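Asker: show me the folded form of this:
(10 chains)
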There are 10 protein chains.
Amino acid sequence: MALTPSKDLLRFDNPNPERDYEIFFDCPEFTCLCPLTGQPDFAKIEIRYVPDRYCVELKSLKQYLWSFRDEGAFHEKVTNQILHDLVAVTGARKLEVIADFLVRGGIRTVVTARHEKGVTADIPLRDDVDVRRA
Amino acid sequence: MALTPSKDLLRFDNPNPERDYEIFFDCPEFTCLCPLTGQPDFAKIEIRYVPDRYCVELKSLKQYLWSFRDEGAFHEKVTNQILHDLVAVTGARKLEVIADFLVRGGIRTVVTARHEKGVTADIPLRDDVDVRRA
Amino acid sequence: MALTPSKDLLRFDNPNPERDYEIFFDCPEFTCLCPLTGQPDFAKIEIRYVPDRYCVELKSLKQYLWSFRDEGAFHEKVTNQILHDLVAVTGARKLEVIADFLVRGGIRTVVTARHEKGVTADIPLRDDVDVRRA
Amino acid sequence: MALTPSKDLLRFDNPNPERDYEIFFDCPEFTCLCPLTGQPDFAKIEIRYVPDRYCVELKSLKQYLWSFRDEGAFHEKVTNQILHDLVAVTGARKLEVIADFLVRGGIRTVVTARHEKGVTADIPLRDDVDVRRA
Amino acid sequence: MALTPSKDLLRFDNPNPERDYEIFFDCPEFTCLCPLTGQPDFAKIEIRYVPDRYCVELKSLKQYLWSFRDEGAFHEKVTNQILHDLVAVTGARKLEVIADFLVRGGIRTVVTARHEKGVTADIPLRDDVDVRRA
Amino acid sequence: MALTPSKDLLRFDNPNPERDYEIFFDCPEFTCLCPLTGQPDFAKIEIRYVPDRYCVELKSLKQYLWSFRDEGAFHEKVTNQILHDLVAVTGARKLEVIADFLVRGGIRTVVTARHEKGVTADIPLRDDVDVRRA
Amino acid sequence: MALTPSKDLLRFDNPNPERDYEIFFDCPEFTCLCPLTGQPDFAKIEIRYVPDRYCVELKSLKQYLWSFRDEGAFHEKVTNQILHDLVAVTGARKLEVIADFLVRGGIRTVVTARHEKGVTADIPLRDDVDVRRA
Amino acid sequence: MALTPSKDLLRFDNPNPERDYEIFFDCPEFTCLCPLTGQPDFAKIEIRYVPDRYCVELKSLKQYLWSFRDEGAFHEKVTNQILHDLVAVTGARKLEVIADFLVRGGIRTVVTARHEKGVTADIPLRDDVDVRRA
Amino acid sequence: MALTPSKDLLRFDNPNPERDYEIFFDCPEFTCLCPLTGQPDFAKIEIRYVPDRYCVELKSLKQYLWSFRDEGAFHEKVTNQILHDLVAVTGARKLEVIADFLVRGGIRTVVTARHEKGVTADIPLRDDVDVRRA
Amino acid sequence: MALTPSKDLLRFDNPNPERDYEIFFDCPEFTCLCPLTGQPDFAKIEIRYVPDRYCVELKSLKQYLWSFRDEGAFHEKVTNQILHDLVAVTGARKLEVIADFLVRGGIRTVVTARHEKGVTADIPLRDDVDVRRA
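Answerer: So this is what the prediction gives:
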């Protein structure tokens, strides 16, 4: 079955919910479009989180990041959106997204957003997400 | 329209004011003049901030840093001025400027200044700044 | 006597239980199988712990890591299992396992799990483990 | 005028044809699609050449690399195509393309192709290319 | 269809046989067994070659390297065998294999073997290999 | 006017005393003599401080470090003396000196001393120092 | 007078006991024997401490580390012993020893021990140690 | 006397013309303007040469590089001009200029030009240059 | 059977004598004594060779390097001796030894010696060496 | 006996004159004075040579480099002088000196000089030098 870009992140049951532990994803393959000029932007995305009940399924994460390829996305906004979508699907106890964009106008931009349950603004857990390990 | 050096920093509405997140700019292209000798100085400027209501518009930041090219500027003073100007335009919750100057007299100088709302000295938000995304 | 893969971790008496000190193992030679595809996965495992009554015997650690070579193992689960097995054998005051897996689907995954006596969930000390220095 | 992806490389007159000198472009922003799976591939492209009568215009090079974004391209073939297109437009005395693709199946692939006038197979200079400095 | 370890390297037609160009594979995921002790060995394999009529198919290369996982293999011999098998399947004009084995007995061992058509000993091209791009 | 070694550090008015900010000097050119053997010692000196009313004038700092060239100086003592002299001239809120000495007897020595107003032992501000920017 | 290996660490009066400052020794030249096999082990030793009344004399430290050359020493035990001996001779306010042993069985081991006056277990100051600067 | 930007390179007598030896200058402080947009460009210039009768005077080299600060300069042309001017003043046996320009349009450009007496095109030695060591 | 230091290097039959290929040993664990002072010296030894009829057996190489532990050895002489002993046992076509000694008197010394059959002075192959793979 | 600065380089008999091999000295501790301003200059000196009949004695090399501490020395001249003095004392077959001077006027200068017997200008072997190993 062919893999396609998709905003549908999948999740699976955290095998060790009794413990706070950290999962880190290093994703050097991210590209989107500049909403003002339509030109491609490139970034390296780092995601680290402490799972609660669910973990992010890796293949769906790849498809999710791919889904921005043809979308216009401001640096600040897309970083916060990725944070939001990942927390909504996993209900992570803590989650951090670092988006490191390549040089534009002689300046490199890195945006870092963090979520922490009970500390930062609440993001409700979605209940319409498939639970499986692809 | 030709780009020119300018002290006029622009701002746009923070798309996610509900959350504390960090924006980092890595600006290796900074040069000014030594106020004592008139000779060029070179520095790498790093800016990281937590936006409140506004974000710094990237192209105007490039023009702003360019505006020091023909000005005399002491290391300590210019770092604090950049901090001040950026906070005045954005009202950032936190903002840090690191200016890493190349070797003079066998010594490399790095100046680091930080602002934090409610902690360090108040810097009033300007209300005469254009709000747009260039 | 030939060395074989084995889940039997050995321990020896901590020579300095009166003091909190740290032992760090850097293990670049770890491989297991993907439970979904059966294909090999590779990781670098880092272990750091503060021993209580016992220390981990080094040769048995080598055999223990080797024992995963032909087993299917999810990234998250195997990291927590290594943490659990090491704490059960040593009763360590603190123990951390970092498993840094090579790129799959363009994404590198690092899982970090930590145990701390009296802080994280209890892991009972096994009493059926040989005490010797191999 | 908006910038768009384009296979039309532009050239301008080499200001110093009396001398063999080298121009190197380091292009970390390259992405295309896998012809078999349709999934995105990412590479860093390095180009170094000794110009003869013409030089490559930088902005058109950016548009040219961008033009592969939605095309299926095998690693070996696309590297040779970039070599061919650049030599056809510039008639370079020597030209080398290095395409460094990110990991697929646990393996990183780097393809390197070289042209040298009078040494490797002839590539005729196109006469239908605009000469200007954009 | 599930991927399995296999000694069957596949090839496909070199899209640019008119030119000498280089393909480099960086393969950090190699493990075999020590023929004397049966303990696992780990290496990073680097392969660079100039294709003639055929190129190595990447997925079959992954399966080929995987096929050593349960075999005893001396450092010197396995490096030469990989060289031989790759040349036999591709008839490469030049081919180099570098196998960088992790520390044993306090010593790290790196074996480098090279083939060059008409210069080093002849390795006949096999005619019983599938030609396709998987 | 010729520059000469001198223990006379100069100061100038801190342009931004309303804010705590940090100035860092990286000084790789330091040499003195071993008091026991008379042989040269070499070090890299790092100085970071938060100015209060005064800043250190850079050229005089160069001359000051130069003044140790022909003096015998123990590693521990000279680091503390530099700390003391700099605080006495500037009245810095915080000041740190790191002296990283090259290998002697197979051992590299790094001495780090810190001053903090109101926290570490008092060092009175000298009132006999010129205030100017050289 | 010939230098010989010796367990006799020497000390000299701390020139600045009024201040907490740090001395760091980077000692890449350490070797001892494995108590089980008699084979040589190699390590890099790092020592950092805050002196109280005494400092460690550098040449005697070199002789002290040399004294382990022909002794059997377990990684964990020898690190704690070095910590103990250095604190007993100097009465340091804080002292840390990091012993970074080279790979054995594919695993690198680093042991870190720390002493802090009034916090960790008491180590009495010896009164039978020569006070001089060699 | 104040230092000013100047195209007047100075030279002094090579103290060792009997031998071919190499002098390398690493100049990270170079800036000029883009001739098309008027915006600043930044580069790191490396110069290495084998002197014949004359050497380049270092302070005049600094002033010479400074002289491009307010001039429009294409990457390719300015590199060749620096090569030409340095050879004309020194008559160097060999001279190489590498200009490494910061990212524009996502692409970093490095231009390398070389002169060699009797091999590349002749550049006559100027006889109107001051001979002195400033 | 216990491993002991030994000057007896062992060899085994080169599995691929029909081809020139290279074997590299990276040996960071070498120590000997200074013949003048009796103090320990430390070095990192690198060995690379092209085998002819025989290869060096790895475990005996470890024992061989260990055998210098209690011997006085000048830097220049011991490097040449290792070269000589390895060539005498293996009859290597080419062999290079690099001995990188740690700092003494502020100076690091690296000695490199090379042998090449038919090019450098002849070193007869010993016929009294065991042929086996330990 | 106290060590003092001295221009008297010592030599000892090359233990292996039958073979061309290389000795490399890495000397990060070099300082002299600028002949124009009297200010200190700092450099890292690298020396590599192929000995003929004599080798340089290490301790005398240290004293020799030390002897420039209070002398005025132009970068180009002092590099050639060190080359000359070392060749005159040793009669080396090949000898190279690289002097890497720290930044002055924003520019770092590296001077490299090479001697080769029978290729570069003759430097007669001195016969008035002590032969001993200190």
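Asker: only C-alpha atoms from now on, for both contacts and neighbour counts.
Answerer: Fine.
Asker: wait, A:Asp41 touches A:Glu29, no?
Answerer: No. Counting by CA atoms under 8 Å, A:Asp41 stays clear of A:Glu29, with 11.2 Å between them.
Asker: once you drop chain neighbours, what's closest to A:Asp13?
Answerer: The shortest distance from A:Asp13 to any residue that is not its chain neighbour, by CA to CA, 6 or more residues apart in numbering or on different chains, is 4.7 Å, and that residue is A:Tyr54.
Asker: where's that neighbour relative to E:Glu22, distance?
Answerer: Counting by CA to CA, to the nearest Å, the gap from A:Tyr54 to E:Glu22 is 45 Å.
Asker: before we move on, what about A:Phe12?
Answerer: To E:Glu22, A:Phe12 is 43 Å away according to CA to CA.
Asker: tell me which residue lies nearest the centroid of chain A.
Answerer: Centrality entry for chain A: nearest residue to the mean C-alpha point is A:Ile82, 3.8 Å, by CA atoms, centre = their mean.
Asker: let me know the pLDDT of that one.
Answerer: Per-residue confidence for A:Ile82 comes out at a pLDDT of 98.
Asker: so it makes contact with A:Val97?
Answerer: Yes. At 7.4 Å, A:Ile82 counts as touching A:Val97 under the criterion of CA under 8 Å.
Asker: please identify the buried residues of stretch A:77-87?
Answerer: By neighbour count, with 16 or more other CA atoms under 10 Å in any protein chain shown as the criterion, the buried positions of stretch A:77-87 are A:Val78, A:Thr79, A:Asn80, A:Ile82, A:Leu83, A:His84, A:Asp85, A:Leu86, A:Val87.
Asker: oh, that last question was meant for stretch A:25-40, not what I typed.
Answerer: When burial is assessed from 16+ other CA under 10 Å, stretch A:25-40 yields the following buried residues: A:25-34, A:38-40.
Asker: just the terminal-to-terminal distance for that stretch.
Answerer: Across its full length, stretch A:25-40 reaches 23 Å end to end, with CA to CA as the criterion.
Asker: ok, residues contacting that stretch?
Answerer: Residues lying outside stretch A:25-40 but in contact with it, judged by CA atoms under 8 Å, 6 or more residues apart in numbering or on different chains, are A:41-48, A:65-66, A:68-74, B:134, C:106-110, D:2-4, D:42, D:66.
Asker: and the residues you listed, which are buried?
Answerer: A residue is treated as buried here by neighbour count (16+ other CA under 10 Å); on that basis the buried members of the contacts of stretch A:25-40 are A:41-48, A:65-66, A:68-69, A:72-73, C:106-110, D:42, D:66.
Asker: give me the subset of these lying in strands.
Answerer: A:41-48, C:107-110, D:42 (DSSP state E).
Asker: give me the angle between the top strand by length along chain A and strand D:21-33.
Answerer: With DSSP E setting the assignment, residue counts place strand A:21-33 as the longest strand in chain A. Strand A:21-33 and strand D:21-33 are oriented at 110 degrees to each other (axes from the mean of the first three to the mean of the last three CA atoms, to 10 degrees).
Asker: for A:Asp13, give me its contacts.
Answerer: For A:Asp13, counting by CA under 8 Å, 6+ apart, the contacting residues are A:Arg53, A:Tyr54, A:Cys55, A:Val131, A:Arg132.
Asker: how about the first one, nearest residue that isn't a chain neighbour?
Answerer: Excluding its sequence neighbours, the residue lying closest to A:Arg53 (CA to CA, 6+ apart) is A:Asn14, at 5.4 Å.
Asker: how close does the one you found get to A:Arg48?
Answerer: Using CA to CA, we find A:Asn14 at a distance of 15 Å from A:Arg48.
Asker: for A:Leu36, same thing?
Answerer: A:Leu36 sits 30 Å away from A:Arg48, taking CA to CA as the criterion.
Asker: residues near A:Pro124, how many?
Answerer: Taking other CA atoms under 10 Å in any protein chain shown as the criterion, the count of residues near A:Pro124 is 12.
Asker: on the three-state scheme, it is what?
Answerer: Under the three-state scheme (DSSP: H, G, I helix; E, B strand; the rest coil), the conformation of A:Pro124 reads as coil.
Asker: tell me how far it lies from A:Thr90.
Answerer: 10 Å.
Asker: what parts of chain A come near chain D?
Answerer: Taking CA under 8 Å from any CA of the partner chain as the measure of proximity, chain A contacts chain D at A:Ala2, A:Leu3, A:Thr4, A:Glu29, A:Thr37, A:Gln39, A:Pro40, A:Phe42, A:Trp66.
Asker: tell me which two of the residues you listed sit farthest apart.
Answerer: When the residues of chain A next to chain D are compared pair by pair using CA to CA, the farthest-apart members prove to be A:Ala2 and A:Thr37, with a separation of 31.4 Å.
Asker: give me phi/psi at A:Leu61?
Answerer: Per-residue torsions, A:Leu61: phi -60, psi -40 (degrees, to the nearest 10).
Asker: I'd say it and A:Leu9 touch.
Answerer: Yes. Counting by CA under 8 Å, a contact exists between A:Leu61 and A:Leu9, whose distance comes to 6.1 Å.
Asker: pull the CA atoms of stretch A:79-90 into PDB?
Answerer: Output in PDB follows, covering the C-alpha atoms of stretch A:79-90 (Å, rounded to 0.1, in the frame of the first residue of the first chain):
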ATOM      1  CA  THR A  79       5.900  25.100  15.000                       C
ATOM      2  CA  ASN A  80       3.000  25.800  17.300                       C
ATOM      3  CA  GLN A  81       0.700  23.800  15.100                       C
ATOM      4  CA  ILE A  82       2.900  20.700  15.200                       C
ATOM      5  CA  LEU A  83       3.100  21.000  19.000                       C
ATOM      6  CA  HIS A  84      -0.700  21.300  19.200                       C
ATOM      7  CA  ASP A  85      -1.400  18.400  16.900                       C
ATOM      8  CA  LEU A  86       1.000  16.000  18.600                       C
ATOM      9  CA  VAL A  87      -0.400  16.900  22.100                       C
ATOM     10  CA  ALA A  88      -4.000  16.500  20.900                       C
ATOM     11  CA  VAL A  89      -3.300  13.000  19.600                       C
ATOM     12  CA  THR A  90      -1.100  11.700  22.400                       C
END
